[in-house]
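*Asks:* Turn this into a model:
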Amino acid sequence: MTQTRIDVDATDMKILRILQEEGRITNVELAARVGISAPPCLRRMKRLEETGIIKGYRAMLNAPALGQTLTAFCLIGLHRQSDTDLRSFAAQCESWAIVREAWTIQGEADFLLRCIAPDLVTFQDFVIDTLTHAPGVDTVRTALTIRQIKDASPVALA
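*Replies:* Reported below is the predicted structural model:
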């Protein structure tokens, strides 16, 4: 899927920087920090939403505080890399709650999965009982994380 680049000006970039760090800021406060009045600020936000630059808003949760203490990555290799097989595995990923992000990748594997689980046993059960038995899966390699050292905003804005 090819994404068309959308032009944004310096004011839009200020809005995006602030929203990425403080998604619950009011339009009035955002406008004041950006240096414009509230109505044009709201119009700019709507345009950024309509063009897809702003994909949505959500709360960032502390997984360990909710009992989800294990983060792991899985590299998945499929038997075949046909469009049908890739789409089929991608659809399966949607149904697995433990999989929080899934990426198709180039190289030694076909997919990279970021998994969050309450404990090692739950993750192991998922890998052994679900991933290795999923249709089309040839190889599963896992990497358990030790400690997160960086948690930056998803997009670096200049």
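*Asks:* List the buried residues in stretch 6-17.
*Replies:* Under the neighbour-count criterion of 16 or more other Cβ atoms under 10 Å, stretch 6-17 has 8, 12, 14-17 buried. C-beta coordinates here come from the backbone N, C-alpha and C atoms, glycine included.
*Asks:* Which of the residues you listed fall within helices?
*Replies:* 12, 14-17 (DSSP state H).
*Asks:* mind checking how far the residue sitting furthest away from the middle of the chain is from V28?
*Replies:* Within the chain, S37 marks the point farthest from the mean C-alpha position, 32.3 Å out by Cα atoms, centre = their mean. Distance of S37 to V28, computed by Cβ to Cβ, to the nearest Å: 9 Å.
*Asks:* And what about the residue nearest to W103 when sequence neighbours are not counted, helix, strand or coil?
*Replies:* Nearest residue to W103, sequence neighbours excluded (Cβ to Cβ, 6 or more residues apart in numbering): L112, at 4.6 Å. Here L112 is strand, with the state taken from DSSP: H, G, I helix; E, B strand; the rest coil.
*Asks:* Same check on V140?
*Replies:* Classification of V140 using three-state DSSP returns strand.
*Asks:* what's near enough to touch it?
*Replies:* V140 sits next to 74-77, 127, 131-132 when contact means Cβ atoms under 8 Å, 6 or more residues apart in numbering.
*Asks:* Please name the nearest non-neighbouring residue to it.
*Replies:* Of all residues not flanking V140 in the chain, L131 sits nearest, at 4.9 Å (Cβ to Cβ, 6+ apart).
*Asks:* quick one: that neighbour and C74 touch, right?
*Replies:* Yes: contact criterion Cβ atoms under 8 Å: L131 and C74 qualify, at 6.5 Å.
*Asks:* ok, G35 to E22 distance?
*Replies:* G35 sits 16 Å away from E22 when distances are taken as Cβ to Cβ.
*Asks:* Neighbour count for those two, which is higher?
*Replies:* More neighbours surround E22 than the other of G35 and E22, with 12 against 9 (other Cβ atoms under 10 Å).
*Asks:* Show me where the protein dips below the pLDDT cut-off.
*Replies:* For the chain, applying pLDDT under 70 flags the ranges 1-3.
*Asks:* That'll do, ta.
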